[in-house]
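J.: Pasting a predicted model and its sequence here:
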Amino acid sequence: MNLLGRIGKLLFPDKCVLCGSLLPRGTQDLCPECRSQPSFIPRSKYRPQFLDSFTAVWYYEGRVRRSILRYKFYNARSFSVSYGRLLAMKLLDEYPEGFDLLTWIPISPLRRLRRGYDQVQLLAAATGRELGIAPTPLLRKIRHNRSQSGLRDDAARRANVRGVYRLTDRAAVAGKRILLLDDVLTTGATAGEAARVLRSAGAKEVHCAVIAAARKE
């Protein structure tokens, strides 16, 4: 590490992405306590419509939920590096066959303007670096819809996202096995709609990966 890097470490020491505690020397992303918590979840048998499978690193609760809210709404952009590294490790373990394309579910231009960044695009870039796959922007959001978090009914969530995504390159999708990234999956309505659009262009398979997912009873 060069001098500037060492100075940066002294001024901004590495912290746990979940609880914010200082990380012991030689560790990254998670402190020993957070790493030992039984929050890592297995590949889910639950499959939202139009998806071949989905996986998540954690359940969307407790420290994980608070961490993701900081990431999305309080400019904690650096969290994407740790999230991407942890998500890539899970993907390499559960999908050793790999993918043809990596893409993400984009936020609306208005939401990006207000927030200053697309948190899922940052996640895709970080995950792609770890997997050795350059993310491909296959989708664009053409309508600023209401936030899904304010809707509790599954039917209302599906209606809220219907028709909000368009393909940017139809020819690139046909016959491909696609990894679709998002930050959180609750009912799967958003991911399912994005997958529907990809499948309509001839995608062979669409698999979704997220940082965290709602617990399914």
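T.: On my side now, so go ahead.
J.: residue ranges for the helices of this structure, please.
T.: Assignment of helices within the chain using DSSP state H yields the ranges 3-11, 32-36, 62-73, 79-94, 109-115, 119-131, 154-161, 189-200.
J.: Save these as a markdown table, and put in mean pLDDT, distance to residue 19 and mean neighbour count too.
T.: Bear in mind the C-beta positions are built from the backbone N, C-alpha and C, glycine included. As requested, those are arranged in a markdown table below (pLDDT from 0 to 100; distance: least, C-beta to C-beta, whole Å; neighbours: other C-beta atoms under 10 Å):
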| stretch | mean pLDDT | distance to residue 19 | mean neighbour count |
| --- | --- | --- | --- |
| helix 3-11 | 47 | 19 | 9 |
| helix 32-36 | 90 | 6 | 13 |
| helix 62-73 | 96 | 6 | 17 |
| helix 79-94 | 96 | 12 | 19 |
| helix 109-115 | 93 | 24 | 12 |
| helix 119-131 | 98 | 20 | 21 |
| helix 154-161 | 73 | 30 | 16 |
| helix 189-200 | 95 | 28 | 22 |
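J.: Need those in a markdown table (columns: distance to residue 53).
T.: Formatted as a markdown table, the entries for the helices of the chain read as follows, by distance: least, C-beta to C-beta, whole Å:
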| stretch | distance to residue 53 |
| --- | --- |
| helix 3-11 | 39 |
| helix 32-36 | 25 |
| helix 62-73 | 21 |
| helix 79-94 | 9 |
| helix 109-115 | 28 |
| helix 119-131 | 16 |
| helix 154-161 | 19 |
| helix 189-200 | 11 |
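J.: Quick check: which of those helices is nearest to residue 175?
T.: The stretch from the helices of the chain with the least distance to residue 175 (C-beta to C-beta) is helix 189-200; that distance is 11.6 Å.
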